[in-house]
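Novice: Have a look; sequence and predicted model below, questions after that.
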Amino acid sequence: MQSRSLVPALLLLAGCATLQSPTTPTVRVVGSRALANAPEVVSRVDPPYPDADRRAGVQGEVEVEVEVDQAGNVVKTRIVRAPSRTLGDAVAEAVAQWRFTPSQVDGKPVRVVFPVLVAMKL
């Protein structure tokens, strides 16, 4: 699925997943205390709903910390919280395939870390 949106207003309705950030996320520069502008999503992959979680009725928010390099590629994801490990893994694997516009500080691309929230609902 191709789309373009700002991370702070990230919202995707895919029947089972809503990607959202209710407040403006802190986008910090890796290796620094500096803050950067939020990158824009250029392309994203919808997370699949794991069959076991669907059958068990597991739903809720998954928070993934995302590290994006100077070229806009996701280089690392870390599950911060999830209602189940399999739901967290599904979201993290999908987010790892996303592409962003590079964040910048003083007009130069920088590596950044920021949170992404995904509400998985049946």
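Specialist: In hand now; what should we look at? Numbering: from 1, shown residues only.

Novice: Number of residues surrounding the residue nearest to Ala82 when sequence neighbours are not counted?
Specialist: Take Ala82 and drop its neighbours on the chain: the residue closest to it by Cβ to Cβ, 6 or more residues apart in numbering is Gly88, 3.0 Å away. In this view, the C-beta of every residue, glycine as well, is placed from N, C-alpha and C. Residues within reach of Gly88, counting by other Cβ atoms under 10 Å, total 23.

Novice: how near is Gly88 to Ala38?
Specialist: Here Gly88 is placed at a distance of 23 Å from Ala38 (Cβ to Cβ, to the nearest Å).

Novice: Same check on Met120?
Specialist: Separation of Met120 from Ala38 (Cβ to Cβ) stands at 23 Å.

Novice: Who are the packing partners of the longest helix along the chain?
Specialist: Counting residues, the longest helix found in the chain (DSSP state H) is helix 85-95. The contact analysis (3 or more Cβ pairs under 8 Å, 6 or more residues apart in numbering; DSSP states H and E) places helix 85-95 against helix 51-56, strand 60-68, strand 74-81, strand 112-120.

Novice: List the contacts of the closest residue to Val105 other than its chain neighbours.
Specialist: In space, and not counting its chain neighbours, Val105 is closest to Ala36: 5.1 Å by Cβ to Cβ, 6+ apart. Under the criterion of Cβ atoms under 8 Å, 6 or more residues apart in numbering, the contact list for Ala36 reads 27-29, 103-105, 110, 112.

Novice: Alright, I will stop here.
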